[in-house]
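predicted coordinates and the sequence they were generated for:
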Amino acid sequence: KVAQEEIELSRLKIREARRALYPAASVNYLETTGKTAGTVQDFTDKEYKLKFEYPVYYGWRLKYAVEQAMSNLKASTYNYDKTLQDLRAEVESAFYAYMANKMDLKLHKALLEETKNLFSNGKKRFELGLVTKTEFLQLESQMQQINYQVISSENEMAMARLALAQAVNVREGEKAIDIIDKEQGKDLEPITIDISLEDFMDLAFKARPDLRAIEYMLESNDYERKIAESKNQLKVDLTGTYGKSGGAYQSETLTMGKDWYLGFKVTKPLGGNTLSTAYTKEKTSQKHGQSSRTESISRSVELGLLDGLQHFSEEKSAEIGYRKAKDELEQARDAVVKEVNESYMNYKKGLVQVMTNFNKIKYREEELKITKARAELNEASLSELAQAHMSLTDEKAFYIEALGSLYQALAKLNKATGFSLFLDDENFKLADNR
């Protein structure tokens, strides 16, 4: 909401800056009644006029103000986009964590169901005296360990569900999660992206909204510097009025006549002083006590002594602001390079870890097959068979954890490139939408 209000404020600033390019006008009405100091007579003066002021030349200052307001609007828009992307990244991270925990819970529940039969069979054998007490206690300890793992997975699942609901919105998030749970979607699978690090860098510099926002803020500060410099140039104003006025004693008829005024004023800063000259021409109608219209021409020159010292601080402030914005842009670019590099390396690391765990699963599966065959020949105990199941499940759990880390790395890489990637049913691909 704050980002949206900033955009609205920027639009108002643009309207304000554009308005300054055009004449300012006002309508005035004045009525004066009173008595003369000499012979006591009531009199009435009336006038109404249209007054205008027009900035003829301000050294491109007003044009720069409009361009600056436009740059601020673009910066505010990209800041809004950045806010949306931050929220999206938070939701994506919570979603992948939830999906990984969901797979982990499903895995350990399957292990529990698989080993229940082993424990039941082992208990019967123990009661018949076919296995030792040590063997049965070992099998019982394994079952307790598996139950603990299921409870631990359920707790982690609950925490991941809460985090996802909070990332989306607590009320709407619960509904969204229920929909996710009802849909029979695919589990997380390894993803390979055939894009070089240099391509990711190019995408980031083109699509990152925070980078674009800082670029436009630099542009805004550049216009601020130009505005400050232009204040040292000539400033030409045109002012004038047009209307009617008149005045009469109570015993006379009040007749309104045309009034007008036109003036030029030129101002030029000189060091810390201000030199200004003005030329005005005026015609007014007959007032009470006058027998004819009045017409006058005025010329004036004025030198303000040390009344423009603030100009030096304004120029210095604008220059400092521009340099700060330039440094901030360089720092932001360095941060983007670092973020993309870290995200890309974490993705590559996660991919290697997933493949390593996958190969270990193959080994544990073969080990389980051999242990089952030995158990059928009474060459392996039930605890050894349970341990083979647990070892396979542990490797699968490590695999799921590695998958979760891989997707987290992809989500961060997606954010680091300004969400130039998207996830579809098959793979992460380049999104040609900019």
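Received the coordinates, thanks.

so residue 388 touches residue 374, yeah?
No: in this structure, residue 388 is not within contact of residue 374 by CB atoms under 8 Å, at 9.6 Å. (C-beta placed from N, C-alpha, C; glycine too.)

okay, these two: which has more neighbours?
More crowded of residue 388 and residue 374, by other CB atoms under 10 Å: residue 388, with 21 against 15.

what number of residues lie near the residue nearest to the more buried one when sequence neighbours are not counted?
Leaving aside its sequence neighbours, residue 388 sits nearest to residue 371 (CB to CB, 6 or more residues apart in numbering; 4.1 Å). Counted with other CB under 10 Å, residues neighbouring residue 371 total 21.

roughly how far apart are residue 371 and residue 252?
Distance, residue 371 to residue 252, using CB to CB, to the nearest Å: 125 Å.

close enough to count as contact, residue 111 and residue 391?
No: at 10.6 Å, residue 111 does not count as touching residue 391 under the criterion of CB under 8 Å.

looking at these two, which is more packed in?
Counted by other CB under 10 Å, residue 111 and residue 391 do not tie: residue 111 has more neighbours, with 21 against 16.

setting aside sequence neighbours, what's the nearest residue to that one?
The nearest residue in space to residue 111 (CB to CB, 6+ apart) is residue 393, at 4.5 Å.

same check, this time on residue 33
Residue 33 sits nearest to residue 44 (CB to CB, 6+ apart), 5.1 Å away.

for the chain, give me the ranges with low pLDDT.
Counting by pLDDT under 70, the chain has low-confidence residues at 36-41, 170-176, 178-186, 286-293, 421-434.

just the strands in it please.
Assigned by DSSP state E, the strands in the chain fall at 24-35, 42-57, 235-249, 257-270, 273-284, 294-304, 421-423, 428-430.

would you tell me which of the ones you listed gets closest to residue 126?
Residue 126 lies closest, by CB to CB, to one member of these: strand 421-423, at 50.9 Å.

and residue 48, how close does it get to residue 319?
For residue 48 relative to residue 319 (CB to CB), the value is 48 Å.

ok, now residue 206?
Remark: distance between residue 206 and residue 319 (CB to CB) = 30 Å.

just to revisit the earlier point, quick one: which of the strands of the chain is nearest residue 139?
Per CB to CB, nearest to residue 139 of these: strand 421-423, 43.2 Å.

start to end distance for stretch 276-294?
Stretch 276-294 has an end-to-end distance of 26 Å (CA to CA, to the nearest Å).

who are the contact partners of residue 108?
Shown in contact with residue 108 (CB atoms under 8 Å, 6 or more residues apart in numbering): 146, 149-150, 153, 393, 397.

what do you get if the cut-off is 7 Å, keeping everything else the same?
Counting by CB atoms under 7 Å, 6 or more residues apart in numbering, residue 108 makes contact with 149-150, 153, 393.

what number of residues lie near residue 25?
10.

what's the distance between the nearest residue to it once chain neighbours are set aside and residue 260?
Closest residue to residue 25 apart from its sequence neighbours, by CB to CB, 6+ apart: residue 52 at 4.6 Å. Distance, residue 52 to residue 260, using CB to CB: 11 Å.

cool, and residue 392?
From residue 392 to residue 260 the distance is 99 Å (CB to CB).

okay, these two: which has more neighbours?
A count of neighbours by other CB under 10 Å puts residue 392 above the other of residue 392 and residue 260, at 22 against 16.

contacting residues around that one?
Counting by CB under 7 Å, 6+ apart, residue 392 has contacts 364-365, 368.

who touches residue 322 in this structure?
221-222, 225.

right, I mislabeled it, should have said residue 395
Counting by CB under 7 Å, 6+ apart, residue 395 has contacts 357, 360-361, 364.

of these, buried ones?
357, 360-361, 364 (16 or more other CB atoms under 10 Å).

which of those fall in helices?
When helices are assigned by DSSP state H, the members of the buried ones among the contacts of residue 395 inside them are 357, 360-361, 364.

which among these gets closest to residue 135?
residue 364 (22.3 Å).

nearest residue to the closest one in space, please, no chain neighbours.
Residue nearest to residue 364 in three dimensions, not counting chain neighbours: residue 392, with 4.1 Å by CB to CB, 6+ apart.

dump the contacts of residue 108 to JSON lines, plus distance to residue 166 and neighbour count.
Listed next are the contacts of residue 108 as JSON lines, based on distance: CB to CB, whole Å; neighbours: other CB atoms under 10 Å:
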{"residue": "149", "distance to residue 166": "26", "neighbour count": "21"}
{"residue": "150", "distance to residue 166": "25", "neighbour count": "15"}
{"residue": "153", "distance to residue 166": "20", "neighbour count": "20"}
{"residue": "393", "distance to residue 166": "30", "neighbour count": "23"}
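
between those residues, which is nearest residue 7?
residue 153 (44.6 Å).

list the contacts for that closest one?
Neighbouring residues of residue 153 by CB under 7 Å, 6+ apart: 104-105, 108.

how close does it sit to residue 100?
According to CB to CB, residue 153 and residue 100 sit 11 Å apart.

again with residue 92
From residue 92 over to residue 100 (counting by CB to CB), the distance is 13 Å.

and for residue 146?
For residue 146, the distance to residue 100 - CB to CB - is 20 Å.

residue 336 too?
Going from residue 336 to residue 100 by CB to CB gives 28 Å.

more neighbours: which of the two?
More crowded of residue 336 and residue 100, by other CB under 10 Å: residue 100, with 24 against 19.

wait, the more buried one sits on residue 404?
Yes: Residue 100 is within contact range of residue 404, at 3.1 Å (criterion: CB atoms under 7 Å).

and of the contacts of residue 322, the nearest to residue 307?
Comparing the contacts of residue 322 against residue 307 with CB to CB places residue 225 closest, at 22.7 Å.

got the contact list for the residue nearest to that closest one when sequence neighbours are not counted?
Take residue 225 and drop its neighbours on the chain: the residue closest to it by CB to CB, 6+ apart is residue 318, 4.3 Å away. Residue 318 makes contacts with 224-225, 228, as judged by CB under 7 Å, 6+ apart.

residue 121 too?
Contacts for residue 121 (CB under 7 Å, 6+ apart) come out as residue 382.

gap between it and residue 383?
The gap separating residue 121 from residue 383 is 12 Å, by CB to CB.

if I look at residue 25, how far off is residue 259?
Distance from residue 25 to residue 259, counting by CB to CB: 16 Å.

again with residue 370
Per CB to CB, residue 370 is found 112 Å from residue 259.

between these two, tell me which one has more neighbours.
residue 259 (20 against 12).

the more buried one against residue 247, yeah?
No: assessed by CB under 7 Å, residue 259 is found out of contact with residue 247, at 11.5 Å.
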